[in-house]
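**Q** I would like to see how this sequence folds:
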Amino acid sequence: MKLILEGIGPIRAAEIELGKVTILYGPNSAGKTTVARSIEYLIKLMNNISVDCGKLMELINYSTKVGRIVLNDYEVSLERSEGFEKVNVVIKRGTENLQSGGCGVGTYLTGYLTGLHIASYLGVDSLAWVGYDDVRLINVESESENPLTLTDLLKPSLIKGISRSASTKIASDYSRYLMDINDALELVVNGRFELQENEVFFYDGDYYYELDHVAEGIKRAALIITVKALAERLKGLGRSPIMFVENFESASHVDYVKSLLDELSKGNVPVVVETHSGFAVKYGARKMEEGEGWRVYIIEDGNAFTDLARSELFKRERELIG
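**A** Numbering: from 1, shown residues only. All right, here's what the predicted structure looks like:
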C-alpha cells in the first residue's frame, strides 16, 4: 500500500510504502505521528465515522492552503478557507468525486450525505494505535475509541465483543487468543500470562505476579504483543487492520527491541513503527536488504527519505555522539 501525504502536518511531500514492518525514524515533531493521524482520519472519513472539524483544520500544513492524503486509489483533500473558519473536504476515487462538504465547527460526517462506507476498499479498514501503556482501536466493532489498557485487552469480554462466533465458542476463541499471545511473549520476555479465577497473572517460571507489579519493560512488550495478536484475530475475521506503535523502544532494552520487531514481522497485519532508536533503523535496513517486506524511512525537513547512506540525515546524531 502506498501512502502519499502532501501539505499534511509538518510533512510537505512524502511517499511511504507500507510494508510488512514500516519503520519511521526522525527528530521530534518531524511528522512520524502524522502518518498515523492521516491513516486514522482516512479510515474515519471513508467509513462514516465523525471527525472533529478543528482536528481536520489542524492537519493542514501551516504553510499551505490544501493538504492531500492518498492511499492506493483513494484521496482526501482538505482545503482551508481564507479566514481559517472552515475546511472543505473532498473525497475522490481516482478522478471520481465521491463526496465533498464544508466543516467549520463540531464534527464532519460523510455518511448522512452519501452513505459513504468504503474503508474496506482502501486495503485498511481499522487502526490499532499503541501508546505507551494503552491502545486506541479505530473502527473496531463493539469498541469505542476510549484507550484500553493491557488488563482490558486480556479480558475474555474483549474477544466476545469482536468475535463473530457463537457464544459456545467464545471460551475456545479466548484460549486461542491467549495462546497466541503467550507463544510470542515467551520468546521475547521468557514469561507468560495465566488466567486464574477470571484474573490474569504474569508467570516468569518461578512466581506469579499481578500485572501492576510487573516490570515496565515487560508490560510494554506484552502490550505490543497483545495488540498484534488482537489485530491478527481481526484479520482472521475478514477485517483489514493496520497497527501503529508510538515510541516503539520505550522502556525496552535493545534485545527486546530486536525480538519485538521480529514478532511484529510475523502474520498478515502491516505494522508501522515510530522510533528514535538507531538500532531499530539499522536492523530494519538489514531486513529490507534481505527482501523481507520491510521499509525504513527517515522523516525530516518535511520529507520521507529512504537513502540511509545520506550522512546529512544523521547530522544531529553525529554531532551529539562526537
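**Q** which residues of the stretch 151-300 of the chain fall in strands?
**A** Ranges of strands within the stretch 151-300 of the chain are 192-196, 199-203, 208-210, 241-245, 271-275, 294-300, based on DSSP state E, counting those that start in this stretch.
**Q** how about the CA coordinates for the first one, as PDB?
**A** Okay, so that is strand 192-196. Provided in PDB are the C-alpha atoms of strand 192-196 (Å, rounded to 0.1, in the frame of the first residue of the first chain):
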ATOM      1  CA  ARG A 192       3.500 -16.000  30.000                       C
ATOM      2  CA  PHE A 193       0.000 -14.900  31.100                       C
ATOM      3  CA  GLU A 194      -2.200 -17.300  33.000                       C
ATOM      4  CA  LEU A 195      -5.900 -16.800  33.800                       C
ATOM      5  CA  GLN A 196      -6.900 -17.800  37.300                       C
END
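**Q** identify the residue spatially nearest to Arg192, adjacent ones excluded.
**A** Excluding its sequence neighbours, the residue lying closest to Arg192 (Cβ to Cβ, 6 or more residues apart in numbering) is Asn182, at 4.2 Å. For every residue, glycine as well, the C-beta is placed using N, CA and C.
**Q** with mean neighbour count and distance to Gly123 added, can I get the strands of the stretch 151-300 of the chain in TSV?
**A** Formatted as TSV, the strands of the stretch 151-300 of the chain follow (neighbours: other Cβ atoms under 10 Å; distance: least, Cβ to Cβ, whole Å):
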stretch	mean neighbour count	distance to Gly123
strand 192-196	15	32
strand 199-203	16	34
strand 208-210	12	40
strand 241-245	26	9
strand 271-275	26	14
strand 294-300	22	15
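**Q** can you put those strands in a markdown table and add distance to Tyr74?
**A** Converted to a markdown table, the strands of the stretch 151-300 of the chain look like this (distance: least, Cβ to Cβ, whole Å):
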| stretch | distance to Tyr74 |
| --- | --- |
| strand 192-196 | 39 |
| strand 199-203 | 40 |
| strand 208-210 | 45 |
| strand 241-245 | 15 |
| strand 271-275 | 18 |
| strand 294-300 | 20 |
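**Q** pipe these into CSV and attach distance to Leu56 and mean pLDDT per row.
**A** As requested, these are exported to CSV (distance: least, Cβ to Cβ, whole Å; pLDDT from 0 to 100):
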stretch, distance to Leu56, mean pLDDT
strand 192-196, 39, 89
strand 199-203, 39, 90
strand 208-210, 42, 92
strand 241-245, 19, 96
strand 271-275, 21, 96
strand 294-300, 21, 93
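**Q** of all these, which one comes closest to Val51?
**A** Smallest distance to Val51 across the strands of the stretch 151-300 of the chain (Cβ to Cβ): 17.3 Å, for strand 241-245.
**Q** packing partners of that closest one?
**A** Strand 241-245 makes packing contacts with helix 32-46, strand 126-130, helix 216-236, strand 271-275 when contacts are defined by 3 or more Cβ pairs under 8 Å, 6 or more residues apart in numbering; DSSP states H and E.
**Q** out of the ones you listed, nearest to Asn97?
**A** helix 32-46 (13.8 Å).
**Q** that closest one: what's the following helix or strand?
**A** Using DSSP states H and E, the next helix or strand after helix 32-46 towards the C-terminus is strand 51-52.
**Q** please enumerate residues in contact with that next one?
**A** Here strand 51-52 makes contact (Cβ atoms under 8 Å, 6 or more residues apart in numbering) with Tyr41, Lys44, Leu45, Gly106, Thr107, Tyr108, Leu109.
**Q** ok, so of those residues, who is nearest Glu319?
**A** Of those, the one sitting nearest to Glu319 (Cβ to Cβ) turns out to be Tyr41, at 35.9 Å.
**Q** give the closest residue to that closest one in space, chain neighbours not counted.
**A** With sequence-adjacent residues excluded and distances taken as Cβ to Cβ, 6+ apart, Tyr41 is closest to Val51, at 5.7 Å.
**Q** the one you found pairs with what?
**A** In this entry, Val51 is beta-bridged to Tyr108, by DSSP bridges.
**Q** Val89 touches Ser100, doesn't it?
**A** Yes - judged on Cβ atoms under 8 Å, Val89 makes contact with Ser100 at a distance of 6.5 Å.
**Q** when those two are compared, which one has more neighbours?
**A** Val89 (21 against 15; other Cβ atoms under 10 Å).
**Q** which residues does the more buried one bridge with?
**A** Leu78, Gly101.
**Q** ok, now which ones touch it?
**A** Counting by Cβ under 8 Å, 6+ apart, Val89 touches Leu45, Leu56, Val76, Ser77, Leu78, Gln99, Ser100, Gly101, Gly102, Cys103, Tyr108, Thr110.
**Q** buried subset of those residues?
**A** Those of the contacts of Val89 that meet the buried threshold are Leu45, Leu56, Val76, Ser77, Leu78, Gln99, Gly101, Cys103, Tyr108, Thr110, by 16 or more other Cβ atoms under 10 Å.
**Q** need those residues in a markdown table (columns: distance to Asn190 and pLDDT).
**A** Compiled in a markdown table, the buried ones among the contacts of Val89 are given as follows (distance: Cβ to Cβ, whole Å; pLDDT from 0 to 100):
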| residue | distance to Asn190 | pLDDT |
| --- | --- | --- |
| Leu45 | 43 | 86 |
| Leu56 | 45 | 90 |
| Val76 | 45 | 92 |
| Ser77 | 50 | 93 |
| Leu78 | 47 | 93 |
| Gln99 | 51 | 83 |
| Gly101 | 53 | 85 |
| Cys103 | 50 | 82 |
| Tyr108 | 48 | 74 |
| Thr110 | 48 | 57 |
